[in-house]
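J.: make a model of this:
(4 chains, ligands or ions: 4)
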Protein chains: 2
Amino acid sequence: MDQSKNILKRNGLSITEGRKLILEIFLQSMGALSHADIEKSASVSLDRVTIYRTLQTFVDSGIIHQIPTTDNTILYALCKDSCEAGHHHDNHVHFICMECEKTICMDEVIVPKVQLPKGFEPVNAAMVVKGMCSDCHN
Amino acid sequence: MDQSKNILKRNGLSITEGRKLILEIFLQSMGALSHADIEKSASVSLDRVTIYRTLQTFVDSGIIHQIPTTDNTILYALCKDSCEAGHHHDNHVHFICMECEKTICMDEVIVPKVQLPKGFEPVNAAMVVKGMCSDCHN
DNA sequence: GCCGAATTTGCAATAATGTTGCAAGTTTTT
DNA sequence: AAAAACTTGCAACATTATTGCAAATTCGGC
Ligand SMILES: [Mn+2]
Ligand SMILES: [Mn+2]
Ligand SMILES: [Zn+2]
Ligand SMILES: [Zn+2]
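T.: Ligands and ions are numbered 1, 2, ... in the order given. I've put the predicted structure just below:
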């Protein structure tokens, strides 16, 4: 059965063509995607606004998570397992390759805890590593 | 003598009113600033374009560093000591307060090294922690 | 201090990105 | 199958970013 359909159903979202399409794009892509990436790679044309709204819906539902960047874009990637609406559990490191520009979720590499100064109460932490990915390394 | 002037001189940049002004804003502010923040807090009006170009120049010179965010903005903060043109050494953790929205450079908290999968070569790493700052904590 | 060369600035035009209201279309529920 | 709930696309608008170029400023040598 349709994997994308399943994910939508599991998250209590209406099953629509647009949502399935965007979800397929995520499922097929290995790396993280920006709004622009999705707009480009959509076979059928999707309205920009629909993409904005769908990405927001997916983030809210815990289907995808955001990856901070330093270039006025937001990257999105599929959440693995346990994320729920209003409560993400993604705590893995993200790797941005400076050569091929791909952004990869390193699901096995957990963001380490750090000792903060007195009075600072952490809620969540993101870590982004830049460098050369294994494909580009050779 | 003028601190901002010194910094510009040390970095081989022309000393202009705009650059001094923007640098003063950074020197007086404790936290990180966005383009919009600077545009607002500039006493004399500065052209948006000048601000863009100045921020880029400062980043290139190693005067300020960028902080990744998840909301389509880039935050900038003064580099401490050893950053040079084309080679930043900022490796401290950044803290974003979810209450007061301030972003703080935690100069004493170093981004920990992580073990990456085989073939991945790190060049630099950024870590952003969200939570409650010491001011807002009580 | 003055002058020419080099750099920087502001403006205007343009592009890219993001938001909102609403009517029409689709999906879900009954 | 019909009603209710939700989603989509369009249009209009708002915000943010980029580029070329002429005018202004700054710098280095005199
Ligand atoms: Mn991820
Ligand atoms: Mn910093
Ligand atoms: Zn690569
Ligand atoms: Zn705070």
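J.: and chain A, which residues reach chain B?
T.: Within chain A, the positions near chain B by C-beta under 8 Å from any C-beta of the partner chain are A:66-74, A:93, A:95, A:98, A:106, A:108-109, A:111-112, A:114-135, A:137. C-betas here are computed from N, CA, C, even on glycine.
J.: and the buried ones among these, selectable in ChimeraX?
T.: A single ChimeraX command is used to select the members of the residues of chain A next to chain B judged buried by 16 or more other C-beta atoms under 10 Å in any protein chain shown:
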select /A:66,67,68,69,70,74,93,95,106,109,111,114,116,120,125,126,127,128,129,130,131,132,133
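J.: also near ligand 3: which of the residues of chain A next to chain B, exactly?
T.: A:C133 (C-beta under 5 Å from the ion).
J.: residues contacting A:K113?
T.: A:A125 (C-beta atoms under 8 Å, 6 or more residues apart in numbering or on different chains).
J.: below-threshold pLDDT in chain A: ranges please.
T.: Within chain A, the stretches with pLDDT under 70 are A:1, A:81-86.
J.: repeat that with 80
T.: Within chain A, the stretches with pLDDT under 80 are A:1, A:43, A:81-89, A:138.
J.: related to what we said a few turns ago, out of the residues of chain A next to chain B, which are inside helices?
T.: Among the residues of chain A next to chain B, no member falls in helices (DSSP state H).
J.: excluding chain neighbours, what is closest to A:E39?
T.: Ranked by C-beta to C-beta, 6 or more residues apart in numbering or on different chains and with sequence neighbours excluded, the top spatial neighbour of A:E39 is A:I51, at 6.0 Å.
J.: strands along chain A, start to end?
T.: With strands called from DSSP state E, chain A shows them at A:33-34, A:64-67, A:75-78, A:92-97, A:103-110, A:121-132.
J.: ok, residues contacting the fourth one?
T.: For strand A:92-97, the surrounding residues in contact (C-beta under 8 Å, 6+ apart) are A:32, A:67, A:69, A:75, A:77, A:102-111, A:126-133, A:135-136, B:114, B:116, B:120.
J.: repeat the analysis, applying 6 Å as the threshold.
T.: Applying C-beta atoms under 6 Å, 6 or more residues apart in numbering or on different chains, the contact partners of strand A:92-97 are A:67, A:103-107, A:109, A:111, A:127-130, A:133, A:136, B:114.
J.: pull the CA atoms of it into PDB?
T.: Extracted C-alpha coordinates of strand A:92-97, given in PDB (Å, rounded to 0.1, in the frame of the first residue of the first chain):
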ATOM      1  CA  HIS A  92      20.300  13.900  15.600                       C
ATOM      2  CA  VAL A  93      23.100  15.800  14.000                       C
ATOM      3  CA  HIS A  94      22.800  17.300  10.500                       C
ATOM      4  CA  PHE A  95      25.600  17.300   8.000                       C
ATOM      5  CA  ILE A  96      25.900  19.800   5.200                       C
ATOM      6  CA  CYS A  97      28.400  18.900   2.500                       C
END
